[in-house]
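S.K.: Curious how this folds, go ahead:
(one chain, ligands or ions: 1)
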Amino acid sequence: MQKLIFPEHFQWGTATASYQIEGAWNADGRGLSIWDVFSHTPGKVKNGDTGDVACDSYHRIDEDVALLQKLGVKVYRFSVAWPRIYPEGTGTLNKPGLDYYHRLVDALLAADIEPFCTLYHWDLPQALQEKGGWDNRETIDHFVHYAETLFQQFNGKIKNWITINEPWCVSILSNYLGAHAPGNQDLQMALDIGHHLLLAHGKTVQRFRQLNMEGQIGIAPNVSWNEPYSNREEDVAAARRMRGACNEWFLDPLFKGSYPDFMVAWYQKMGASVNIQPEDMAIIQQPIDFLGINYYTGSLVTYKQGEGDYDGEDVEEGRERTDIGWNIYPEGFYNVLTWLTEQYGDVPIYITENGACYNDEVQNGKVADTRRIAYLQKHLLQLHRAIASGVNMKGYMTWSLMDNFEWAEGYSKRFGIVHVNFETLVRTPKQSFEWYQQVIAHNRLEV
Ligand SMILES: N=[N+]=NCCCCNC(=O)[C@@H]1[C@H]2[C@H](O)[C@@H](O)[C@H](O)[C@@H](CO)[C@@H]12
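M.R.: Below is the predicted model:
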């Protein structure tokens, strides 16, 4: 048995998001979000599931913080529901909504757990969507105003801020592929939305600096690792496009102040281009304190004309897949992290999400999710490799603390290290919870 020791002060944590766990969808003045509308629209979410109740975390702060304390995490990543703070997106502040997050943050601090707050994890106020949502540049300033409210309310209590979770999901998945709220299918709109999200990020970082806030701020894109099946030029180019759509499309503006030419050209071929105003790229390229990285999967890619949006096809290598169908590709974790450092420099990185979907159920009071343990073990080994290779890794937050509302999959897909019975809302720590508890306690991985 080998013991892989992680750096001293490495920050172990776990993560959730407001719409996925809180429930209380219309309690205490909360306004409608686009996910309330989407999940209440027949046919959009599997089994007609909604986030109306979810894990009812809105009413279970003490229970959930006790789980975090038992787990032994140093950090807990959660998100604020914009419609709880500004039910109409702007205008009247909803104090009961603000008070909920004060209670949550105070409980975390009392338990010696660092809050990691995501400002936007997809629950846009419906009132703003009705004025065009992220496709309307005015939403950018409403977002900065919402963020500024939280900065002023929580300065000194929350010292770790993430502006936007996964701009690829918010733009492409939600407004071109149409799989998530609001469900548009318009590439030009999706590219404009992606640009507006990056602008909202940049302007929020500027405001954070102007307010002389305590702590650090970053953004959390999802990344993918796609390698060419062969060294044939067409395979190399196809894999580069698949990675580029997810990785460089957002990371190049953030760190290089421009969109990647090869993807701009590809999207032009698809009939779309980004509408950039003169100051935009300088705003987007605001220096950040850390980069959050969400990593789940990767693939080998071979060129196939007309396949998907990038003339690329994942090669079926016979790899194990999780219960949501994603390839298990641990070496992609190492490869994407070392690639990031080569491409964008020594930016401090937190893994803000990494985890697996397995639908194990409770049997005799236990959940033997050994496949999730295997997934985490393989990915933490690759993470340890990346650290050993010089990647500036600050911490790791597994997705997710508990089974929750998995977007268009509803409650049919379980990512938690804690099982949730969605009838009774009883939480049951899984075997992976106990395993992760030991990794944290000893700051090491046994392989
Ligand atoms: N093929 N394939 N693809 C991988 C697709 C990755 C895009 N989805 C994510 O990263 C979402 C992220 C989200 O923040 C969280 O709210 C979700 O619950 C998790 C699990 O779904 C992940």
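
S.K.: how distant is stretch 171-187 from the center of its chain?
M.R.: Averaged C-alpha coordinates place stretch 171-187 at 17 Å from its chain's average position (Cα atoms, centre = their mean, to the nearest Å).

S.K.: For the ligand, see how far away the residue nearest to the spatial centre of the chain is.
M.R.: By Cα atoms, centre = their mean, the chain has its centre lying nearest to Asn165, at 4.5 Å. Note on Asn165: its distance to the ligand, by Cβ to the nearest ligand atom, to the nearest Å, is 5 Å. No exception for glycine: its C-beta is placed from N, CA and C like everyone else's.

S.K.: What residues does the residue nearest to that residue when sequence neighbours are not counted make contact with?
M.R.: In space, and not counting its chain neighbours, Asn165 is closest to His121: 4.3 Å by Cβ to Cβ, 6 or more residues apart in numbering. Going by Cβ atoms under 8 Å, 6 or more residues apart in numbering, His121 touches 17-20, 79, 165.

S.K.: Which member of the residues you listed is positioned nearest Trp399?
M.R.: Closest approach to Trp399 among the contacts of His121 (Cβ to Cβ): Ala17, at 9.2 Å.

S.K.: Quick check, pLDDT for the closest one.
M.R.: The model reports Ala17 with a pLDDT of 99.

S.K.: what pLDDT does the nearest residue to it once chain neighbours are set aside get?
M.R.: Excluding the flanking residues, the one nearest Ala17 by Cβ to Cβ, 6+ apart is His121, at 3.9 Å. On pLDDT, His121 comes in at 99.

S.K.: How about Ile417?
M.R.: pLDDT, Ile417: 99.

S.K.: contacting residues around whatever residue of the stretch 201-350 of the chain ends up closest to the ligand?
M.R.: As assessed by Cβ to the nearest ligand atom, the ligand sits closest to Asn222 within the stretch 201-350 of the chain, at 4.0 Å. Counting by Cβ under 8 Å, 6+ apart, Asn222 touches 166, 168-169, 246, 294-296, 353.

S.K.: likewise Ala408?
M.R.: 44-46, 179-180.

S.K.: mind running it again at 6 Å?
M.R.: Residues in contact with Ala408 (Cβ atoms under 6 Å, 6 or more residues apart in numbering) are 45, 179.

S.K.: May I see the contacts of His121 arranged in TSV, with secondary structure as well?
M.R.: What follows is these, written out as TSV (DSSP: H, G, I helix; E, B strand; the rest coil):
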residue	secondary structure
Ala17	coil
Ser18	helix
Tyr19	helix
Gln20	helix
Ser79	strand
Asn165	strand
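
S.K.: ChimeraX command for the buried members of these?
M.R.: Buried residues among the contacts of His121 (16 or more other Cβ atoms under 10 Å), as a ChimeraX selection:
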select :17,18,19,20,79,165
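
S.K.: Can you tell me which of the contacts of His121 is closest to Gly194?
M.R.: Asn165 (13.4 Å).

S.K.: partner residues bridging the residue nearest to the centre of the chain?
M.R.: Beta-bridge partners recorded for Asn165 (DSSP bridges): Ala220.
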